[in-house]
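>>> Quick check, what structure comes out for this input:
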Amino acid sequence: MKMSYDELRRIHRLEKNTSRLVEVDSDFIDSVEDFVEGEKKNYIASLKNFSPTDAREFSNLKKVVEEIFLLREKKLLNKALIVSRTEDFSEEKMAAQEKETFKKLLKVLEEHNKICESLFGEERGKESGRVELKMLKEVPTFIGTDMKEYGPFAKDETVELPNKIAQLFLARKLAEEK
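Residues are numbered from 1 along each chain as shown. Sure thing, here's the model as predicted:
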């Protein structure tokens, strides 16, 4: 997607007015980076021409981009906190770089949560048990709600998965209980 001042202002306005992440393309940050690079060249050229208007525009662009990043950062942190407790995981509406940051945040929170769990010798919030399944379809490698990597699984393969993930496979008719 080609970034523009109007698109950045639209995203900024929406980010300020909602507690949830505003949907952006996966390449959002790359698009912003390309746009800022182009505008930076214009800004440097404006310094040679002593254009206060161009300088002001670049300064405003910087403020808008920084605020968008700050708002999205806060929302990512809040979402990671919620997901670390509920394990209801979704990467929708995130740019590619935000997905990586989100995964790292979840790992940090998971480690932190283990401190409390170890105090009482329990695994708080984990699925109880595992389920043995026979795969009905091929399934590529994926990250489960517990942030662990599973798969790939071949058709007719027998696998043992955590109950929560097994229930998703059963509901989507990707596997049957053994």
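
>>> Please enumerate the helices of this protein.
For the chain, applying DSSP state H gives helices covering 5-16, 28-49, 52-86, 96-120, 163-171.

>>> Find me the pLDDT at the one residue sitting closest to the centre of the chain, would you?
Centroid-nearest residue in the chain: Lys99, 3.1 Å away (criterion: Cα atoms, centre = their mean). Lys99 carries a pLDDT score of 93 in this model.

>>> burial measure for the nearest residue in space to it that is not next to it in sequence, as a count.
Leaving aside its chain neighbours, Lys99 sits nearest to Glu91 (4.9 Å; criterion: Cβ to Cβ, 6 or more residues apart in numbering). Just so you know, the C-beta spots here come from the backbone N, C-alpha and C atoms, and that holds for glycine as well. The burial count assigned to Glu91 is 16, neighbours taken as other Cβ atoms under 10 Å.

>>> Can you tell me how far Glu91 is from Arg20?
Per Cβ to Cβ, to the nearest Å, Glu91 is found 13 Å from Arg20.

>>> Please apply the same query to Glu132.
For Glu132, the distance to Arg20 - Cβ to Cβ - is 38 Å.

>>> returning to that earlier point: include distance to Val139 when you put the helices of the chain into CSV, please.
Below are these laid out as CSV (distance: least, Cβ to Cβ, whole Å):
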stretch, distance to Val139
helix 5-16, 35
helix 28-49, 29
helix 52-86, 22
helix 96-120, 20
helix 163-171, 8
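
>>> Figure out which of those is closest to Lys137.
Closest of the helices of the chain to Lys137 is helix 163-171, at 9.4 Å (criterion: Cβ to Cβ).

>>> Pull out the buried positions in that closest one.
165-166, 169 (16 or more other Cβ atoms under 10 Å).

>>> cool, and stretch 141-156?
Buried-residue list, stretch 141-156, by 16+ other Cβ under 10 Å: 144-146, 150-151, 153.

>>> Which pLDDT value goes with Glu122?
Looking at Glu122, its pLDDT reads 50.

>>> go on, the one 10 residues further on?
Confidence at Glu132, expressed as pLDDT, is 92.

>>> Skipping its backbone neighbours, what lies nearest it in space?
Glu132 sits nearest to Lys178 (Cβ to Cβ, 6+ apart), 4.3 Å away.

>>> The one you found and Pro140: what is the separation?
As for Lys178, its distance to Pro140 is 21 Å (criterion: Cβ to Cβ).
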